[in-house]
Every structure is written in structure tokens, then in C-alpha cells.
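Peer 1: how does the following fold in three dimensions:
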Amino acid sequence: IHSGCAEVAATAIVIAERIAVRLSLGRTLIDELSKGGDSGRIEFPEITYIYNNMTEICKQRLNISRFAQFWRRPRFGLFFAVSGILFCSSCRENSPDESLRKSGEDQTSTDHDWPLFRFDAKMQGAVPETIQPPLSLAWTFETALEGEGRPAPLEASPVIANGIIYLGTQDGLFLAIDLADGSLVWSVELDAPITAPAAVDDTAVYVGDNFGFIHAFDRSSGEPIWQFETEGKIEGGINLLETPYGLRLFVGSHDFFLYCLDATTGEEIWRYETDNYVVATPTVMGEEGSESVCFGGCDKLLHLVPIDGESEKREVDIGAFVANTSAVADGICYVAHNEGAIVAIDVASGETVWTTLNDGEHTASPAVDATTLYVASSNKKLLALDRVTGEPRWTFLAPRSLDSSPVVTGDILWQAAMNGLFYALSVESGEEIWSYDVGARLQASPAVSRGTVVIGGGDGVVYAFKSDASNS
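Peer 2: Residues are numbered from 1 along each chain as shown. Okay, the predicted model is just below:
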């Protein structure tokens, strides 16, 4: 027998055991059958996930948080594990959340953009790109223009597309910076500070300001395209989704509304009212053609809003206000709220899958990869949790608060701290591998593109790092 088959067989046993003894979450098969819809078609992403695990010699850990009661019986677990061996080659293309990769998997490409606050529309904060420490400082850019004195601290996180960084400042500047050498491409001066991350597509870049305006600029020249006014501060980022009706833009405001705009014209398509500020970047979830946006609000609710703005809207009581952006993976929304809890919610049912308590506020947004959820908090702790069970895997303790959101690249997690240190940690153990002291607090979150890690500092300086290997 080929040695690979032996590995697959051994993995099948492990998966069968895991299914048999660990899964106590989710809904029954009967529940799902009763909700199968008019078509009668029922999707089983977890089964497909097993198939793909078999194909890849299970480089990813099995994530099953739905239909688990059906799988409790050992014979069902063994059946599906063996089925995965027999049919894995035909199911390779259907793996859920294909963007999620187990640490250590080959991710050598460095041509990815970082077009949204947390990289992708699901706000996962994990990019399929490998950057290995140690890093060297490639360049810096001081955001105050010549003759304008000391720059204000940077709170907005950068986005990157086609080798250009887009970033707003509290001085009201919106900047386009060359990723390769840190030179200024263009700048626009607005009337209001900018603390929210931007979003960029093929032709335009979009950003909200503290006076409540959403701006669209030509991404190549900085020429204004349109402007839309809300009635409150824009603190969260923008999400984008291509629909059959055109490109849609989603953004929340301190005026209690979530807005859906036509990204081409700036026309309002619909607005959705909450009972308090919306500071999160909306997260897109669901299958193509049936997407929704979800976000935690300062009204202590998780809101689930279909992209048409008309279908059934749902609310899930979180119990505390949410001041960050939730990540979605495989139908589970991960929420870290300001009373110290981290909650996994099945978006299909609205049921809580698990809750893990932490003793600090969460202003940083979580990151998620194929197996693990990473959450930083004001209590100086970065937690790594099993994303199926919520059980802690490791904890990293920093000297000061962690307000910056973590980012995952392969087997490395990048975390910035308010003490000015920028860390590279092992995703497997949380061990510190490398750090760099920029000499100023780090509140903004990093972005990764084309082998470069970019972050803005409390000294108003943009820092770009590259691995020593790539520099050589």
C-alpha cells in the first residue's frame, strides 16, 4: 500500500474518534431536514470538509459545529470518515472557506492584495501568504506633509491594492503610498479626521471620516468620484460585495444606521436602524446569491441583515456592546465583546455554539484560520482558542494593552502592542519568534501584501517590514 494511503487511513481513525467523542454542538439532522427549503437540497459542508482533509492528508483539522448531534453515534462518524477516503478526489473543489489554511501549508505566493480592513469580506484576518521572521524595516513614511509639523497618531489601519497603500490620518489626510519604496503617490486633504480603515476595488477607494461622510476616490489619481453624508462619525471600515445589481458598499455610522450604497454612484440603496452606535466593519457571510451582512452593535445585539435589505432580518442578544469586527468562517460568527466574553454563534440558527470568558475588553478584532481563533484584548493577553470548542490552546502576555487586531500568515501570527512592540508569534505555541520596537504605541492593525507587512504608529509614521530573506 502506498505510504500516503496509510497516512489517510490513520487520519480517518482520528477523525472518526473525534466525531464520535467530541461533537456535542449544533443541530440534529432532523432539524436541518425540516428546514431544507422548497428545493429540498441540503448542504453538508462538514462532510465535504472531511473529504478535503483526506485529500490533503488532513493538513487542516476538522471543523464541525453544525449537524453534530447526527454525528454522535460512532458508526456515523466512521462511515463518513471512510467515505472521505473513497471519494475525496471528487470533492476537492467544494471545501468550505478555501481561504483558510492550516499553518505550515505551502503558501509561497506573495501577490495578494489586502483590499479590506481584515483582508477579506468575511473579516478573517488571515492571508494566504507566507512571511517568515526575522523582518527588517524596509522604509518609513511620516504622514505630516512638509511644513505641517508633527503628525497626529495613526489609528486607521491600511488597505493595499496593486502595490499601493491607502491610509487616512487624524490630520484629515487620505494618502496613497507606494508599497515598494514608501513614496507618496497622491494625497487628498479632507475636512475631518480619519480613524476608519478604507476599502479598495478595481477602480476606486472608499473611506469614511469622523464627520460622517463616505468618500469615493479614483484609486489611481485621488480624484473625487462621489460623497455620501451620514449623521454620525464613521469609525468602522467598509465592506464591498459584487451582486447581480452591481457593487454594493456596506458601512455603519454613529447615527445608529447601517448603510448599503451603490459603490459606483454613492446612491443609498437601503439603511438599517439599530439602537446605538455601529462601530464595527460589517462582515459578509453566506453562499453566493443569498449573502447577508452581520455586525455586532453598541446595542448589545448581533445583527444579521440580508444584502437586499428587505428579507427577514434577525437579531441575536450578545449581552454586551461590541466595539470591533466579527469574523465568519464555516457558518460560525466569532464575536469578542466588551465585557470579556468570546462567543461563537451559528448564523443559521442564531444559537450560541460556545462561550469563552476573558477578563478584558475587546476592541481588537479576532482573526481565524483553519483550526484556531485568535483574540487580543486590553488585559494584555492574546488568546488562541480551538474554533470548534472554544477551548484555550495558548496565551501570550504582552507588557501593555493589545488594541491592534492580530493577523495570520501561514504559521506566523503578527500582533502589535500599545508598548510599541510589533511581535511575530508561532500560531502553534504562541512562542515569541521576533519583535521590533517602533518607539510609539501601536493601535492600528497591520496589513500584509506582496511580502510586506505595513502598520501605522502612534507617532504618525507608517512602517513597512520585509523578511530578511526577501530583502537579500
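
Peer 1: how near is Gly297 to Met285?
Peer 2: Between Gly297 and Met285 the computed distance is 16 Å (C-beta to C-beta, to the nearest Å). Backbone N, C-alpha and C define where each C-beta goes, glycine included.

Peer 1: shaky segments in the stretch 351-472 of the chain?
Peer 2: Applying pLDDT under 70 to the stretch 351-472 of the chain picks out residues 469-472.

Peer 1: pLDDT-wise, which helix or strand of the chain ranks last?
Peer 2: Every helix and strand of the chain was ranked by mean pLDDT, DSSP states H and E. The lowest is helix 29-34, at a mean of 36.

Peer 1: can you classify the closest residue to Pro399 other than its chain neighbours by secondary structure?
Peer 2: Distances taken as C-beta to C-beta, 6 or more residues apart in numbering put Asn419 closest to Pro399, at 4.8 Å, once the chain neighbours are dropped. The three-state label given to Asn419 by DSSP: H, G, I helix; E, B strand; the rest coil is coil.

Peer 1: check contacts around Asn419.
Peer 2: 398-400, 441 (C-beta atoms under 8 Å, 6 or more residues apart in numbering).

Peer 1: any of the residues you listed buried? List them.
Peer 2: 398, 441 (16 or more other C-beta atoms under 10 Å).

Peer 1: which one of the contacts of Asn419 is nearest Glu431?
Peer 2: Ala398 (13.6 Å; C-beta to C-beta).

Peer 1: contacting residues for the closest one?
Peer 2: Per C-beta under 8 Å, 6+ apart, neighbours of Ala398: 380-382, 415, 417, 419, 421, 423.

Peer 1: name the member of these with the most neighbours.
Peer 2: Gln415 (27 neighbours; other C-beta atoms under 10 Å).

Peer 1: what lines up beside the host helix or strand of that one in the sheet?
Peer 2: Here Gln415 sits within strand 412-416, counting by DSSP states H and E. In the sheet, strand 412-416 lines up against strand 407-409 (antiparallel), strand 421-426 (antiparallel) (DSSP bridges).

Peer 1: what's the closest of the ones you listed to Phe256?
Peer 2: That would be strand 407-409 among the strands paired with strand 412-416, by C-beta to C-beta, at 30.1 Å.

Peer 1: residues making contact with that closest one?
Peer 2: 103, 107, 119, 125-127, 129-131, 367, 369, 374, 413-415, 427, 445-448, 453.

Peer 1: now find how far off-centre the strand holding Gln415 is within its chain.
Peer 2: 14 Å (C-alpha atoms, centre = their mean, to the nearest Å).

Peer 1: stretch 307-323 too?
Peer 2: With C-alpha atoms, centre = their mean, you get 18 Å for stretch 307-323.

Peer 1: can you tell me how far Cys294 is from Asp209?
Peer 2: Distance from Cys294 to Asp209, by C-beta to C-beta: 24 Å.

Peer 1: which one's more surrounded, the two?
Peer 2: Cys294 (24 against 21).

Peer 1: in what helix or strand does the more buried one lie?
Peer 2: Going by DSSP H and E, Cys294 is in strand 292-296.

Peer 1: after that strand, which helix or strand is next? Please name it.
Peer 2: strand 301-306.

Peer 1: parallel or antiparallel, which strands does that next one pair with?
Peer 2: strand 292-296 (antiparallel), strand 314-317 (antiparallel).

Peer 1: let me have those strands in a markdown table, extended by distance to Leu304.
Peer 2: Below are those laid out as a markdown table (distance: least, C-beta to C-beta, whole Å):
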| stretch | distance to Leu304 |
| --- | --- |
| strand 292-296 | 5 |
| strand 314-317 | 4 |
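
Peer 1: nearest to Ile214, out of these?
Peer 2: Nearest to Ile214, of all these, is strand 292-296, at 15.7 Å by C-beta to C-beta.

Peer 1: so what touches that closest one?
Peer 2: So strand 292-296 is in contact with 236, 239, 250, 252, 258, 278, 280-286, 302-307, 318, 321-322, 324-326, 328, 333, 335, 337, 347, going by C-beta under 8 Å, 6+ apart.

Peer 1: which of the residues you listed fall within helices?
Peer 2: Among these, none falls in helices (DSSP state H).

Peer 1: go ahead and build a PyMOL selection from the buried members of the residues you listed.
Peer 2: Selection of buried members from the contacts of strand 292-296 for PyMOL, criterion 16+ other C-beta under 10 Å:
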select buried, resi 236+239+250+252+258+278+280+281+282+283+284+285+286+302+303+304+305+306+307+318+321+322+324+325+326+328+333+335+337+347
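
Peer 1: which sections of the stretch 101-250 of the chain are below the confidence cut-off?
Peer 2: 101-110, 145-148.

Peer 1: can you dump the C-alpha atoms of the strand holding Gln415 in PDB for me?
Peer 2: C-alpha atoms of strand 412-416 as PDB (Å, rounded to 0.1, in the frame of the first residue of the first chain):
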ATOM      1  CA  ILE A 412       3.100  33.100  11.900                       C
ATOM      2  CA  LEU A 413       0.800  35.500  13.800                       C
ATOM      3  CA  TRP A 414       1.600  39.200  13.800                       C
ATOM      4  CA  GLN A 415       0.500  41.200  16.800                       C
ATOM      5  CA  ALA A 416       1.100  44.900  17.600                       C
END
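
Peer 1: how long is stretch 242-260 end to end?
Peer 2: One end of stretch 242-260 to the other measures 12 Å (C-alpha to C-alpha, to the nearest Å).

Peer 1: let me fix that, I meant to ask about stretch 231-238.
Peer 2: Stretch 231-238: ends 16 Å apart by C-alpha to C-alpha.

Peer 1: next, the buried residues of that stretch.
Peer 2: For stretch 231-238, using 16+ other C-beta under 10 Å, the buried residues are 232-238.

Peer 1: now render these as a markdown table, adding distance to Leu179.
Peer 2: Shown next, in a markdown table, are the buried residues of stretch 231-238 (distance: C-beta to C-beta, whole Å):
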| residue | distance to Leu179 |
| --- | --- |
| Gly232 | 32 |
| Lys233 | 29 |
| Ile234 | 25 |
| Glu235 | 26 |
| Gly236 | 24 |
| Gly237 | 19 |
| Ile238 | 20 |
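
Peer 1: of these, closest to Ala204?
Peer 2: Closest to Ala204, out of all of the buried residues of stretch 231-238 and judged by C-beta to C-beta, is Ile238, at 10.9 Å.
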